[in-house]
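Engineer: Predicted model and sequence below, questions to follow.
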Amino acid sequence: MSKSAYQQQEQGYRDKALKMYPWVCGRCAREFVHSNLRELTVHHIDHNHSNNPADGSNWELLCIYCHDNEHNKFHEYVLYGGTTEQKVAAATHNPFADLKALLNKPK
């Protein structure tokens, strides 16, 4: 794909994403307006820039700093033998499980 064809494709999905989603970074929640909109980027969740479904399901808006961080994380996963983020099991500990009993305990 030539550079100009890629830039046209990028501008196309960027325009769609900016119309589809609020102008807020999906990681740090920084809000954007017209004057700083150039700092809000479209991140491809699966890292495949050719995967641009019309419903935007592979896109998320990220500020330039969070976008760089996402790509650095992916690079490290690839570097150390994985190509996908490892899933972390949900926490099962409930620190407030016996709070009521502790609060009602006679002094």
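Structural biologist: Received, thanks.
Engineer: you'd agree Phe32 is up against Thr41?
Structural biologist: No: Phe32 is beyond contact range of Thr41, at 10.5 Å (criterion: Cβ atoms under 8 Å). For the C-beta atoms, the positions are set from N, CA and C on the backbone; glycine is no exception.
Engineer: Between those two, which contacts overlap?
Structural biologist: Here Phe32 and Thr41 have Cys63 as joint contacts, going by Cβ atoms under 8 Å, 6 or more residues apart in numbering.
Engineer: who's in contact with Glu31?
Structural biologist: Residues in contact with Glu31 (Cβ under 8 Å, 6+ apart) are Trp23, Val24.
Engineer: The same query, at a cut-off of 6 Å, please.
Structural biologist: Glu31 is in contact with Val24, counting by Cβ atoms under 6 Å, 6 or more residues apart in numbering.
Engineer: what is it paired to in the beta sheet?
Structural biologist: Here Glu31 sits in beta bridges with Val24, going by DSSP bridges.
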